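Q: Sequence first, then the predicted structure, then my questions.
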Amino acid sequence: MAKTKYRFNPESISYEKVEANFKTKIINVLKHMASSSVLAIVMVVVLFYFFGSPKERSLIRENQQLVAQYTRLNTELTKLQSVLTDLEQRDDNIYRVIFEAEPIHSNIRKAGYGGVNRYSNLENLENSELVISTSKKIDRIAKSMYVQTKSYDSVEEMVKNKFKMLASIPAIMPIAIKDFGRISSGYGWRMHPIYKTRKFHDGMDFNGTIGTPIYATGDGVVSYVNLERGYGKKVVIDHGFGYKTVYAHLDGYNVKAGQSVRRGEVIAFLGNTGSSTGPHIHYEVRKNNRTIDPINYFFNDLTADEYDSMVAYAANTGQTMD
């Protein structure tokens, strides 16, 4: 209810009611409206500054939830990276070892993305460090998973070729013997029978009767049949998978270059050709064009005890026959 104003009239010695004109009323109304508006603006500003608008409060809650989700995602990605690292180690140290394949180089597994900064559009965000860190982890895991998938594709192909590889790898002796005394020289440093100097012997020598059958020690393709200085009559079989076998000092051939052979097939006959001091066969196993000890590739013919006996015979031979 509006207050009524009175004014003292000294002439009549009485209070007279003050009647406001229209203009005064308008001015008073405007004053009230202005003061109310200012007060309302101040209250709104104070309220938004200290408490925020409902929309701002909602956005703040959403932002906090996003940060919490990103933090949790970062933790889960770290666990996933650990699992992926374990798979990579198994791939390199177990699966590829079994199939005699080279491990994937770390430079390939950990290769990044070249060129421009892929995360520049994230640098102005409020929590840019967390967002960029998460994005980088996702990219690294995606790249690692791609490389690992390709690796498993190659391992799958190796599994398919496993039976072929097992049939191809040298696994029997090139000559049928029961008496390990027929081993005239093993692999390693030996005395040369002609020059009487120590020389590395790249294979094993088995003595016998001229004409004794010589067998292919694994499936493969005959890559060489010819007379060669030192080796005499020589046959080389390419078994694939990096393996080759050499048969030297032969008396005659039973195969031709380019011919496919199976393990146990007669390919030649024991002889005394080339630099030889007696009838024998010189046998080599080569892996990636480097000679290795053939004694480790007779596992289809020997028991564990027989293998130990053969190792002892081969180690006690002091002079080669070629």
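A: Cool, got the structure.

Q: Ignoring the adjacent residues along the chain, who's closest to Thr71?
A: Nearest residue to Thr71 in three dimensions, chain neighbours excluded: Leu130, at 7.0 Å (Cβ to Cβ, 6 or more residues apart in numbering). The C-beta positions use only the backbone N, C-alpha and C, and glycine is treated the same way.

Q: my read: the one you found touches Gln69, true?
A: No: taking Cβ atoms under 8 Å as the definition, Leu130 is not a contact partner of Gln69, at 10.4 Å.

Q: more neighbours, the two?
A: Leu130 (17 against 11; other Cβ atoms under 10 Å).

Q: what about the more buried one, which helix or strand?
A: Assigned by DSSP states H and E, Leu130 belongs to helix 128-160.

Q: Skip ahead from that helix and say which helix or strand is next.
A: Assigned by DSSP H and E, the successor of helix 128-160 is helix 162-168.

Q: Pull the distance from stretch 248-256 to the chain's centre.
A: The gap between where stretch 248-256 is centred and where its chain is centred comes out at 44 Å by Cα atoms, centre = their mean, to the nearest Å.

Q: buried set for it?
A: Using 16 or more other Cβ atoms under 10 Å as the test for burial, stretch 248-256 gives 248-251, 253-255.

Q: now stretch 218-229
A: 218-222, 225.

Q: now swap in stretch 261-275 and tell me
A: Those would be 261, 263, 267-275, for stretch 261-275 by 16+ other Cβ under 10 Å.

Q: These: which two are farthest apart?
A: Distances among the buried residues of stretch 261-275 were taken as Cβ to Cβ; the most separated pair is Arg263 and Ser275, at 28.7 Å.

Q: Tell me the first helix or strand C-terminal of the helix or strand hosting Leu39.
A: Using DSSP H and E, Leu39 falls within helix 22-51. Note on helix 22-51: by DSSP H and E, the next helix or strand toward the C-terminus is helix 54-90.

Q: What is that following helix packed up against?
A: helix 128-160 (3 or more Cβ pairs under 8 Å, 6 or more residues apart in numbering; DSSP states H and E).

Q: how much does the helix it packs on deviate in direction from helix 54-90?
A: 30 degrees (axes from the mean of the first three to the mean of the last three Cα atoms, to 10 degrees).

Q: Mind giving me the packing neighbours of the longest strand along the chain?
A: As assigned by DSSP state E, the longest strand anywhere in the chain is strand 243-253. In terms of contacts (3+ Cβ pairs under 8 Å, 6+ apart), strand 243-253 is packed against strand 220-228, strand 232-240, strand 266-270, strand 280-287.

Q: Quick one: distance of the helix holding Leu39 to the chain centre.
A: The answer for helix 22-51 is 72 Å, by Cα atoms, centre = their mean.
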